[in-house]
Each structure stands twice: as C-alpha cells, then as structure tokens.
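[1] Sharing a model that was predicted from the sequence below.
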Amino acid sequence: MGDKIRILAVDDEPDLRSLLHILLTNKGYDVLEAADGEEAVSLMQQNPGVDLVIMDIMMPGLSGIEACARIREFSAVPVLFLTAKSQIADKEEAFDIGGDDYLPKPFSQNELMMRVESLTRRYRVYKGKREEVDGDQLQMDDTNGSVRIHGRTVDLTDKEYAILQFFSQHRGQILDVETVYEGVWGEKFLPSSNNTVMVHILNLRKKLEEDPANPKLIRTVWGKGYRFG
C-alpha cells in the first residue's frame, strides 16, 4: 500500500470514536481523532495529508456540516458523514455542503468499511493522476484534488472533481441529470436528487467559468441535460 492511509474520525461520543479507531486500525489505517467540529478543522489544518474524514453531523458547538464547510475552504479531502438523522433533506444538505458520502447510524461495520475503502481508493487515485482537457485550457491535476484553467489553479471538492471527471469521460455527449447522479453518486436517482446535481454544477461553474451565467465548459442543453466541452 506504500505509506499508510490516514483517516480523521470525528464524533462527540467517546465510545463511537473508540469503535472507529479499533475498526480502522485493524484494517491498517492510521487514525486521528477529534471530539468536535472545531478540533476537526484544527487537525485538518495541521495534517494536510489526511485521506478521509469520517464525521458525525450532530455535535455541540460546530456541527459536522459547519466543520465540513470550513474544511472545504482549504481541502478537497473526502468527507463521510455519520449521523442518526436519516431524512432526505439532511442527506441533501450533507452533499450540498461538500460531503461525499452519508451513512446513518446505526451502521454495519462491513458497510462502513466498504464506504471507507471506496472513498480512500478514489481519492488516492485522483491524487496520483493528471488529465488534460481542451489542450492547455483545463488541466485536471489530482495531486491535491484541483484543476488549472487558463493558468489559474482551482480547488475542487472530491465530489466536484468526480463530476468533472465523469463529464470528461463523456465529452461531447448530452448527459441528463439522472445519468450524472447515478454515475457519480452511485445511487438510485430520486426526484430530490435533481437539486443536488444542480447545486454541484452551479458551484463548479462558479469556480471554472469566466462567466458562470454564460458557461462555455459545462453547457446546459435545455430540456435534455448537460454537455461538457
């Protein structure tokens, strides 16, 4: 595996942090722990090499959602939310703020490890890969989950990068929202999923387009979906 994969486990319940520590270290992961959102943000600033954050949403002080928003200001590390809340609205909020996956409590240990392995594998592949699109206009450089466009470096979340990667793999094709959601999130499309895709694409356009209201890279094909390039 090379250097150890490092995971930050964030929960205000000591018993759950201990369980996560045991499960993850038994699988060979290097584990850091934080008891609240403030500590999580601080540890991420001190440890830029973290490969995954597993974080509870409902915590005193800075919530998991708020902590994720703060982390997204300086890191594209994938974030897996653990929470007792299972309503669709909470799931959408977790994704919209920059989260990458969502696992309601109580969770099975096998399900948790499957999510962990998937997120860390994808992030590490991205970090070691470089892809160039449209000549020198857009360079997808995954050493830090960012891209360069017109010589300008842009930091993307893991999910935003996955969307851009999906579009680049289907360059020139018209992709409807359902195809994008199921291809990137790997889940069954629901009517409520439409807003999740729209929010992420809006955020991508704000970061990548010179004029987000008149996009040149990710275009809207009215009544059909989106086309990349």
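    The structure has been received and is ready for your questions. As the structure is a prediction and not an experimental result, all values here were calculated from the model.
[2] hey, which helix or strand in this structure has the poorest pLDDT?
    Between all helices and strands in the chain, the lowest mean by mean pLDDT, DSSP states H and E belongs to strand 130-133, at a mean of 46.
[3] any idea which helix or strand comes after it?
    Next in sequence after strand 130-133, counting helices and strands by DSSP states H and E, comes strand 138-141.
[4] in its sheet, what does that following strand sit against?
    Paired with strand 138-141 in the same sheet, following DSSP bridges, are strand 130-133 (antiparallel), strand 146-149 (antiparallel).
[5] now the protein, which segments are flagged as low pLDDT?
    1-2, 85-91, 123-137, 141-146, 151 (pLDDT under 70).
[6] Grab the longest helix from the protein for me.
    Secondary structure of the chain per DSSP state H: the longest helix is helix 109-127.
[7] by contact count, what packs against that helix?
    Judged by 3 or more C-beta pairs under 8 Å, 6 or more residues apart in numbering; DSSP states H and E, the packing partners of helix 109-127 are helix 14-26, strand 52-56, strand 79-83, strand 101-104, helix 158-169. In this view, the C-beta of every residue, glycine as well, is placed from N, C-alpha and C.
[8] Phe189: what secondary structure?
    coil (DSSP: H, G, I helix; E, B strand; the rest coil).
[9] Return the residues in contact with it.
    Phe189 makes contacts with Val177, Glu178, Tyr181, Glu182, as judged by C-beta atoms under 8 Å, 6 or more residues apart in numbering.
[10] and what of Ile5?
    Per C-beta under 8 Å, 6+ apart, neighbours of Ile5: Gly28, Tyr29, Asp30, Asp51, Leu52, Thr120, Arg124.
[11] As a markdown table, the residues you listed with distance to Val197 would be great.
    As requested, the contacts of Ile5 are arranged in a markdown table below (distance: C-beta to C-beta, whole Å):
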| residue | distance to Val197 |
| --- | --- |
| Gly28 | 35 |
| Tyr29 | 31 |
| Asp30 | 34 |
| Asp51 | 26 |
| Leu52 | 23 |
| Thr120 | 24 |
| Arg124 | 25 |
